[in-house]
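A.B. asks: Got a sequence here, can you model it:
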Amino acid sequence: MSDTTWQKSSFSGDRDDCVELTNSSGLIAIRESDTPSTVLQARARSVAALIAWQKSSFSTDSQGDCVELARIRDRRIGIRESDAPATVVATTPPRLRALLAAVKAGVTPPSEPAGSA
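C.D. replies: Alright, predicted model coming up:
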């Protein structure tokens, strides 16, 4: 894997001690940059389960109150606040795309009755 292109975690900044990922023969390879000879390989689905909740790229570490997304049961998307992780709103990918498009366009989307998503 010496000629493989590794992607460094965006949370690492300019530090040298970081997690790196690459796609290798249909598997995701993971290593620490300070011990590059030790590589863990797993299927993409397993890695996705490991890093289920993803913080918004618009959030900073100093804020502490971030929107997080994850793929949850029945192909739904879970949305939560990092400071209240027990409260999860579930929606479908098409509805989330519609919401994001409306917000970007400055349109207030209509509300739906609870439990309809």
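
A.B. asks: Give the closest residue to Ile28 in space, chain neighbours not counted.
C.D. replies: Nearest non-adjacent residue to Ile28, counting by CB to CB, 6 or more residues apart in numbering: Val47, 4.5 Å away. (Glycine included, C-beta is placed from N, CA and C.)

A.B. asks: My error: substitute Thr4 in the last question.
C.D. replies: Using CB to CB, 6+ apart, the closest residue to Thr4 is Thr22 (5.0 Å).

A.B. asks: count of neighbours near the one you found?
C.D. replies: Thr22: 16 surrounding residues under other CB atoms under 10 Å.

A.B. asks: Quick check: Arg43 touching Leu27?
C.D. replies: Yes: at 6.2 Å, Arg43 counts as touching Leu27 under the criterion of CB atoms under 8 Å.

A.B. asks: So if I had to pick from these two, which one is more boxed in?
C.D. replies: Higher neighbour count among Arg43 and Leu27: Leu27, with 15 against 11, using other CB under 10 Å.

A.B. asks: Now Asp34. Its backbone dihedrals?
C.D. replies: Dihedral angles of Asp34 (phi, psi; degrees, to the nearest 10) stand at phi -80, psi -10.

A.B. asks: On the pLDDT front, check it for me.
C.D. replies: We have a pLDDT of 81 for Asp34.

A.B. asks: same question, Ala48
C.D. replies: Value for Ala48, per-residue pLDDT: 68.
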